[in-house]
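Visitor: sequence first, then the predicted structure:
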There are 2 protein chains.
Amino acid sequence: MNIQRPAAKQPLPPHAKLAFKGVMFDVYQWEQEGFDGTTMVFEKIKRPDTVVVLAVTPEKKILTATQEQPGKPPFTGLLGGRVDEGEAPLEAAKRELLEESGYASEDWELLHAYQPITKIDWAIFVFIARNVKKVADQTLDSGEKIELKLTSFDELVELSLHDPTFAEKDVVDLILRALLEPQKMQELRDKILG
Amino acid sequence: MNIQRPAAKQPLPPHAKLAFKGVMFDVYQWEQEGFDGTTMVFEKIKRPDTVVVLAVTPEKKILTATQEQPGKPPFTGLLGGRVDEGEAPLEAAKRELLEESGYASEDWELLHAYQPITKIDWAIFVFIARNVKKVADQTLDSGEKIELKLTSFDELVELSLHDPTFAEKDVVDLILRALLEPQKMQELRDKILG
């Protein structure tokens, strides 16, 4: 699978300088010429890309998770996490699925990729993993608590409509738009469930 | 109008330390205990809050804008901008509306306020300004080019559905959800147009 990183709306220019290197967030700055010829300092954050996985069992159930992270109330979401330095998005998706659920798949497809915030260099890749099988135990890090659930497609639609903690805003947007057009909804359901 | 800042999903703890102060982005760090008792460094960004204004003329047209910013392709959006240090969100909304359009209103209502990103301390306030009147010229800064348009409510719905550059994702979400329930759409239309 040849995956292109989605383009930023306002890309970091090549002459941007790293002003701060954090644990997760790096800050870049550059001199930007305005429309009247004066210059100002522009700033943009760079953070690790993330992957989201719609993992589907042979019984057409989607793996969702109730998650807890330190200092944050429990929330519902899909599996996924950060892309490590030098890692390809698909590899990160396979690794996160395995770590967070113990499931693996041999049938992967990219559903959607985008950069949500203009001022942050950050791409999100949403994958479909079909026919997932349990091959190992969960191996969580100390900043995660994840309780897995098997969710039908209709329940995923319900989560998108009515669970304010449901974390995958990109998937919610796809589902809301599909709900407005029966044809689109059928296509999305067939694409995800396979 | 008494406006509460919406709560963060994962608030900055009081002992978080400012690790970097940028032009727009500040980086905070703190030691966080994990679920297994070990500690790790957590990081969160703080940036200025922003306001978005649904400005409605006496003829029930909404002010939208085609905007350009250096290094970014033109995009469609509503008026608005950053809340200055020490400024109340409503004051920022009045100031941005006046600067970007030359319009003013005496009938303001908060439609929606939220923090979109867990790892960023950043609230967005969406205001309705009804019965706006032209009282001054546009006064743009050197990082803005703004061309105003008068848009009907139905055209705003069209923008939300079909203009991928339409920048107000929060407003898009409200409109998509309203499109699914005629009663809700009527309420949203009445609330915005007044």
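Guide: Right, received. Where do you want to start?
Visitor: any weak-confidence spans in chain A?
Guide: Along chain A, the model assigns pLDDT under 70 to no residue.
Visitor: mind listing the helices for chain A?
Guide: Here chain A has its helices, by DSSP state H, at A:89-101, A:153-162, A:169-179, A:182-193.
Visitor: which one of the ones you listed lies nearest to chain B?
Guide: helix A:169-179 (4.1 Å; C-beta to the nearest C-beta). Glycine gets a C-beta too; all of them are placed from N, C-alpha and C.
Visitor: bridged to residue A:104, which residues?
Guide: residue A:133 (DSSP bridges).
Visitor: can you get me a residue count around the spatially closest residue to residue A:142 that is not a sequence neighbour?
Guide: Excluding its sequence neighbours, the residue lying closest to residue A:142 (C-beta to C-beta, 6 or more residues apart in numbering or on different chains) is residue B:34, at 3.0 Å. The local packing of residue B:34 (other C-beta atoms under 10 Å in any protein chain shown) involves 17 other residues.
Visitor: how is chain A partitioned into domains?
Guide: For chain A, the structural domains run A:17-46, A:50-193, going by automatic domain parsing.
Visitor: nearest to residue B:50, out of the ones you listed?
Guide: Counting by C-beta to C-beta, residue B:50 lies closest to domain A:50-193 out of those; the figure is 10.6 Å.
Visitor: tell me if stretch A:94-101 is near chain B.
Guide: No. Against chain B, stretch A:94-101 shows no contacts by C-beta under 8 Å from any C-beta of the partner chain, the least distance being 14.1 Å.
Visitor: show me what that stretch is in contact with.
Guide: Under the contact criterion C-beta atoms under 8 Å, 6 or more residues apart in numbering or on different chains, stretch A:94-101 has outside partners A:51, A:53, A:55, A:63, A:65, A:79-81, A:87, A:103-105, A:108, A:129, A:132, A:134-136, A:138-140, A:144, A:146, A:148.
Visitor: any quick PyMOL command for the buried ones out of these?
Guide: To isolate the buried subset of the contacts of stretch A:94-101 in PyMOL, counting by 16 or more other C-beta atoms under 10 Å in any protein chain shown, use the following:
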select buried, chain A and resi 51+53+55+63+65+79+80+81+87+103+104+105+129+132+144+146+148
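Visitor: which residues touch the residue nearest to residue A:142?
Guide: Here residue B:34 is in contact with A:70, A:141-143, B:40 (C-beta under 8 Å, 6+ apart).
Visitor: residue boundaries of the strands in chain A?
Guide: A:17-21, A:26-33, A:39-46, A:50-55, A:62-69, A:72-77, A:79-82, A:103-104, A:107-114, A:120-121, A:124-130, A:133-134, A:145-151 (DSSP state E).
Visitor: will you turn those strands into a markdown table that also has distance to residue B:168?
Guide: Output for these, formatted as a markdown table (distance: least, C-beta to C-beta, whole Å):
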| stretch | distance to residue B:168 |
| --- | --- |
| strand A:17-21 | 29 |
| strand A:26-33 | 24 |
| strand A:39-46 | 21 |
| strand A:50-55 | 23 |
| strand A:62-69 | 28 |
| strand A:72-77 | 24 |
| strand A:79-82 | 26 |
| strand A:103-104 | 37 |
| strand A:107-114 | 16 |
| strand A:120-121 | 17 |
| strand A:124-130 | 19 |
| strand A:133-134 | 42 |
| strand A:145-151 | 30 |
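Visitor: quick one: closest of the ones you listed to residue A:183.
Guide: Nearest to residue A:183, of the strands of chain A and by C-beta to C-beta, is strand A:107-114 at 17.5 Å.
Visitor: does chain B sit close to that closest one?
Guide: No. Figure legend: strand A:107-114 not in contact with chain B (C-beta under 8 Å from any C-beta); closest approach 9.8 Å.
Visitor: can you pull the buried residues of that strand?
Guide: Neighbour-count burial for strand A:107-114, counted by 16+ other C-beta under 10 Å, picks out A:110-113.
Visitor: and those residues, which two are furthest apart?
Guide: A:111 and A:113 (8.4 Å).
Visitor: quick check: residue A:93 touching residue A:53?
Guide: Yes. The criterion here is C-beta atoms under 8 Å, and residue A:93 meets it with residue A:53 at 5.3 Å.
Visitor: shared neighbours, these two?
Guide: Contacts common to residue A:93 and residue A:53, judged by C-beta under 8 Å, 6+ apart, are A:80, A:127, A:129.
Visitor: and which of these is nearest residue B:190?
Guide: residue A:80 (39.4 Å).
Visitor: the closest one contacts residue A:49, doesn't it?
Guide: No. Contact criterion C-beta under 8 Å: residue A:80 and residue A:49 do not qualify, at 10.8 Å.
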